[in-house]
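**Student:** turn this into a structure:
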Amino acid sequence: MDDRIVVDSKICSGQPTVRGTRIMVKNIVGMVAGGYTVARIVDAYPELTAFDVSAALEYVGRTIDEEKVIPPA
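**Tutor:** Here you go, the predicted model:
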């Protein structure tokens, strides 16, 4: 994961992206939440691989462990 996901202030305002693309991790997560399979995500973004999608999901999993979770009101 560490070599596939990057945070660069010059790319997408510093949002985490897949290296070498402007595809944001949050877009991939949104697609998964919407019911997309990995294969369908790769079809939508041919520049991605299944490993890129997995890296994005792993990144989110690690990141959410570090964040303070605020329950909905």
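
**Student:** so which strand or helix has Tyr59?
**Tutor:** helix 50-66 (DSSP states H and E).

**Student:** contacts for that helix?
**Tutor:** 1, 4-5, 16, 18, 25, 28-29, 32, 38-39, 41-42 (Cβ atoms under 8 Å, 6 or more residues apart in numbering). Backbone N, C-alpha and C define where each C-beta goes, glycine included.

**Student:** which of these are buried, as a PyMOL select command?
**Tutor:** The command below creates a PyMOL selection of those among the contacts of helix 50-66 that count as buried (16 or more other Cβ atoms under 10 Å):
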select buried, resi 4+5+16+18+25+28+32+38+41+42
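
**Student:** contacts only, for Val42.
**Tutor:** With Cβ under 8 Å, 6+ apart, Val42 has these contacts: Leu48, Thr49, Ala50, Val53.

**Student:** put the buried members of the residues you listed into a ChimeraX selection.
**Tutor:** If you want just the buried ones from the contacts of Val42 in ChimeraX, going by 16+ other Cβ under 10 Å, the selection is:
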select :48,53
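
**Student:** pop out the phi and psi values for the residue nearest to the spatial centre of the chain.
**Tutor:** With distances taken as Cα atoms, centre = their mean, the residue of the chain nearest its centroid is Val25 (2.0 Å). Main-chain torsions, Val25, degrees, to the nearest 10: phi -60, psi -40.

**Student:** sweet, I'm off.
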